[in-house]
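Colleague: give the three-dimensional model of this entry:
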Amino acid sequence: MGRRLLMLVPAIAIVLSAAGPAAADEPLASTHGAILTLTRQLFDALADGRSEFWARTLADDAVVIDEFRRRQTRADVVKDIRPLPRGFSRSIEIRDPHVRQDRNTVEIDCENYDQETVRGQKFVVRYKSTLTFVRQGRDWKLVSLRTVTVPTAPPTLPVATVRLDDYPGTYRWGPDRAHTVRIANGQLVFVTEAGAPANALDPIARDVFIDAGDEHNLYVFRRDGDGRVTEVIERGIITDLRMTREVQ
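Modeller: Numbering: from 1, shown residues only. Have a look, this model is predicted:
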């Protein structure tokens, strides 16, 4: 589990574990409460870089799929847990947990609200995680974790070199598929079909905008040799959608 230099996007946002035993006839509420309590203890271990706590929690054959879609083993996870650098602090809050149990298997999905301070700068990263635990002897062991990052719009940046008049037009990516870009109330927006709600495009550099909608994709406008905008590339997490500007 990689610890990035700025700690903005940890490779594993959250792991849940219950190290204590539970009797076969223990009420579900008691088991679920114990897991949630131990979850918060595990968050503390992550912030402190105590890999030994994770080593005790993960099953030998545990599989972790992190937000970068990497498949990690128990050894990979434990190896990458390290203390935060000087000047860094972090807390991870679990929100909206949903716990399901079937005999000796427990699954939980939740939002993980990760607050980090990097030498005075404050950041928030949100995740959605699904975790599966099984009882092995007297312990709960994590056997599977899958987590994804919740897209979050970055702060708006003033970009003096942006000329909004350069971009309006129809950008087509199929016979009946196009983005129509226009200016509305001093801001660049686009629609994907007639009557659809407009999506704002916030500038982050000359010819580069970010979609203010749920996905927060990049929109990179491309120019020809004469400096005229001729196409736009919608850059998502794993794909580029190329759209050609129709001649006006």
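Colleague: can we go C-alpha only for contacts and neighbour counts from here?
Modeller: Will do.
Colleague: ok, Ile237 touching Asn217?
Modeller: Yes: using Cα atoms under 8 Å, Ile237 is in contact with Asn217, at 7.5 Å.
Colleague: give me the more crowded residue out of these two.
Modeller: Taking other Cα atoms under 10 Å, Ile237 and Asn217 do not tie; Asn217 has more neighbours (20 against 10).
Colleague: and Leu46, helix, strand or coil?
Modeller: Classification of Leu46 by DSSP: H, G, I helix; E, B strand; the rest coil places it in helix.
Colleague: so how far is Ala184 from Ala55?
Modeller: The gap separating Ala55 from Ala184 is 55 Å, by Cα to Cα, to the nearest Å.
Colleague: what about the two, which has more around it?
Modeller: The residue with more neighbours, out of Ala55 and Ala184, is Ala55; 15 against 11, by other Cα under 10 Å.
Colleague: confirm that one sits in a helix?
Modeller: Yes: counting by three-state DSSP, Ala55 falls inside a helix.
Colleague: state the distance from it to Lys128.
Modeller: Separation of Ala55 from Lys128 (Cα to Cα): 23 Å.
Colleague: and for Gly186?
Modeller: Here Gly186 is placed at a distance of 35 Å from Lys128 (Cα to Cα).
Colleague: now do the SS call for Glu52.
Modeller: With three-state DSSP as the basis, the three-state label of Glu52 is helix.
Colleague: let me see the domain layout of this structure.
Modeller: Here the domain parsing of the chain from automatic domain parsing is 28-149, 164-245.
Colleague: give the contact list for the residue nearest the centre of the chain.
Modeller: Closest to where the C-alpha atoms of the chain average out (Cα atoms, centre = their mean) is Thr149, at 1.1 Å. Contacts were defined as Cα atoms under 8 Å, 6 or more residues apart in numbering; by that measure Thr149 touches Glu67, Val125, Arg126, Tyr127, Lys128.
Colleague: quick one, what contacts Leu145?
Modeller: Leu145 makes contact with Val15, Val63, Val64, Ile65, Asp66, Ser129, Thr130, Leu131, Thr132 under the criterion Cα under 8 Å, 6+ apart.
Colleague: pLDDT score for it?
Modeller: Predicted confidence (pLDDT) for Leu145: 90.
Colleague: next one: Val247
Modeller: Per-residue pLDDT puts Val247 at 83.
Colleague: pull the contacting residues for it.
Modeller: By Cα under 8 Å, 6+ apart, no residues touch Val247.
Colleague: for stretch 173-190, list the C-alpha coordinates in CSV.
Modeller: The C-alpha trace of stretch 173-190 is given here as CSV (Å, rounded to 0.1, in the frame of the first residue of the first chain):
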residue,chain,number,x,y,z
TRP,A,173,-17.8,12.2,-31.8
GLY,A,174,-20.4,10.2,-33.7
PRO,A,175,-23.2,10.5,-36.4
ASP,A,176,-25.7,11.4,-33.7
ARG,A,177,-23.4,12.3,-30.8
ALA,A,178,-21.9,15.7,-30.1
HIS,A,179,-21.1,18.2,-27.3
THR,A,180,-22.3,21.7,-27.9
VAL,A,181,-20.1,24.3,-26.2
ARG,A,182,-21.4,27.8,-25.5
ILE,A,183,-20.9,30.7,-23.2
ALA,A,184,-23.6,31.3,-20.5
ASN,A,185,-23.3,34.0,-17.9
GLY,A,186,-19.7,34.5,-18.5
GLN,A,187,-18.8,30.9,-18.2
LEU,A,188,-18.1,28.1,-20.7
VAL,A,189,-20.7,25.3,-20.6
PHE,A,190,-21.6,22.3,-22.8
